[in-house]
Structure formats: C-alpha cells, structure tokens
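A.B. asks: give me a model of this one.
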Amino acid sequence: MLFRKNIAPSCSYCRYGIALAGLNEVVCRRRGIMLSDGQCGAFRYEPTKRKPEYSKVIATVELSPEEMSL
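C.D. replies: Okay, here's the model as predicted:
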C-alpha cells in the first residue's frame, strides 16, 4: 500500500526532509531539524522515501535432502 491516499504524515518520508545517517532525526528544508516520526503542516508525501513493511515468513517445516531432490 505504498501509494494509498490516507498516509499518516511523518518527516521520515516527507518531500522536504533529508534523513541524518545513524540518527532518529531529519533535516527539513522548511522547519529545520525534526524527529523522524514528527510532522508539520508543510508535509508533502514522497513515496520513494517510504520503506514498506514486509511480512515475516517463518519456516516451520524442516525438509530432508531426499525430499528436495528430483
């Protein structure tokens, strides 16, 4: 759901924000230094900055080499 219309504002994927490496902060061209989960009225969504959530797949079955051969 990367391009859905009801995205919650966050400085981490705002058009005006640039993430600081290793910190939980973003440099905003409009507001200065902000927290990455912060928000303001200047928020503009940038889909290329957003990291989608992936579902975790847990392997529950161990297969033997005989089952994996053709």
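
A.B. asks: and the residue nearest to residue 10 when sequence neighbours are not counted, helix, strand or coil?
C.D. replies: Spatially, and ignoring its direct neighbours in sequence, residue 10 is nearest to residue 37 (5.6 Å; Cβ to Cβ, 6 or more residues apart in numbering). Bear in mind the C-beta positions are built from the backbone N, C-alpha and C, glycine included. With DSSP: H, G, I helix; E, B strand; the rest coil as the basis, residue 37 sits in coil.

A.B. asks: okay, residue 37 and residue 9: tell me how far apart.
C.D. replies: Noted for residue 37: a distance of 10 Å to residue 9, by Cβ to Cβ, to the nearest Å.

A.B. asks: more neighbours, those two?
C.D. replies: residue 9 (15 against 12; other Cβ atoms under 10 Å).

A.B. asks: give the contact list for that one.
C.D. replies: 39-40, 43, 45 (Cβ atoms under 8 Å, 6 or more residues apart in numbering).

A.B. asks: buried only: go through the residues you listed for me.
C.D. replies: residue 43 (16 or more other Cβ atoms under 10 Å).

A.B. asks: closest one of the contacts of residue 9 to residue 28?
C.D. replies: residue 40 (7.5 Å; Cβ to Cβ).

A.B. asks: the most centrally placed residue in the chain and residue 61, how far apart?
C.D. replies: Residue closest to the mean C-alpha point of the chain, counted by Cα atoms, centre = their mean, is residue 51 at 2.5 Å. Distance of residue 51 to residue 61, computed by Cβ to Cβ: 30 Å.
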